[in-house]
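Q: Next come a sequence and a model predicted from it.
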Amino acid sequence: MRHEPVPLTRQLGVYDHRGHTVLEFRGEIDIAAAAEIGPFLDRVTGRPGARVVIDLRPVEFFDCSGLRLLYRARVRVLERGGQLHLVCTHPLTLRVFRVTGLARLLPPSPDLDAALARSEAASGSL
């Protein structure tokens with residue numbers, strides 16, 4: 001069952017799903033949005049053993065600022081023994097992930113259940 005995200009900023013909502021903190025990015029993820037999202041993302045990814053899913057399905061635009069957010073989140077979670085999963089279905093965003101190599105480090109899933117079905121090793125390693 002999907003819960004309605006609690007809005008933290010205009011571009012970010014959060015909710016719990018099956019023991020994971022789901023961060024739902026929305027709208028345009030550019031340098032201004034990244035500046036708003038960054039502190040919340042750091043708070044969640046700074047917890048030891050954090051189990052996090054970043055859901056990009058509501059995103060309409062995603063630039064290199066968003067890539068930096070995802071990479072930083074991945075490093076922070078893995079350094080603390082946690083898991084990070086990514087949900088994304090937008091063809092252009094998926095293409096950016098493939099071209100930059102992020103798709104190898106943080107493989108995107110088409111929905112939450114598929115993301116949570118991935119093993120811890122599939123969420124990327126340092």
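A: Done, it's in.
Q: what about L23, how many residues close to it?
A: L23: 24 surrounding residues under other Cβ atoms under 10 Å. Just so you know, the C-beta spots here come from the backbone N, C-alpha and C atoms, and that holds for glycine as well.
Q: Checking my notes, it in a strand, right?
A: Yes - L23: assigned to a strand according to DSSP: H, G, I helix; E, B strand; the rest coil.
Q: Ignoring the adjacent residues along the chain, who's closest to it?
A: Distance criterion Cβ to Cβ, 6 or more residues apart in numbering; nearest residue to L23, sequence neighbours excluded, is I54 at 5.1 Å.
Q: roughly how far apart are that neighbour and A34?
A: 13 Å (Cβ to Cβ, to the nearest Å).
Q: Show me which positions of stretch 49-63 end up buried.
A: Within stretch 49-63, the residues that qualify as buried are A50, R51, V52, V53, I54, D55, L56, V59, F62, counting by 16 or more other Cβ atoms under 10 Å.
Q: Next, format these as JSON lines and append distance to V44 and pLDDT.
A: What follows is those, written out as JSON lines (distance: Cβ to Cβ, whole Å; pLDDT from 0 to 100):
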{"residue": "A50", "distance to V44": "6", "pLDDT": "96"}
{"residue": "R51", "distance to V44": "10", "pLDDT": "96"}
{"residue": "V52", "distance to V44": "6", "pLDDT": "97"}
{"residue": "V53", "distance to V44": "10", "pLDDT": "97"}
{"residue": "I54", "distance to V44": "10", "pLDDT": "97"}
{"residue": "D55", "distance to V44": "13", "pLDDT": "98"}
{"residue": "L56", "distance to V44": "15", "pLDDT": "98"}
{"residue": "V59", "distance to V44": "18", "pLDDT": "96"}
{"residue": "F62", "distance to V44": "19", "pLDDT": "94"}
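Q: Pretty sure L94 sits against P108.
A: Yes - counting by Cβ atoms under 8 Å, L94 sits close enough to P108 to count as a contact (6.2 Å).
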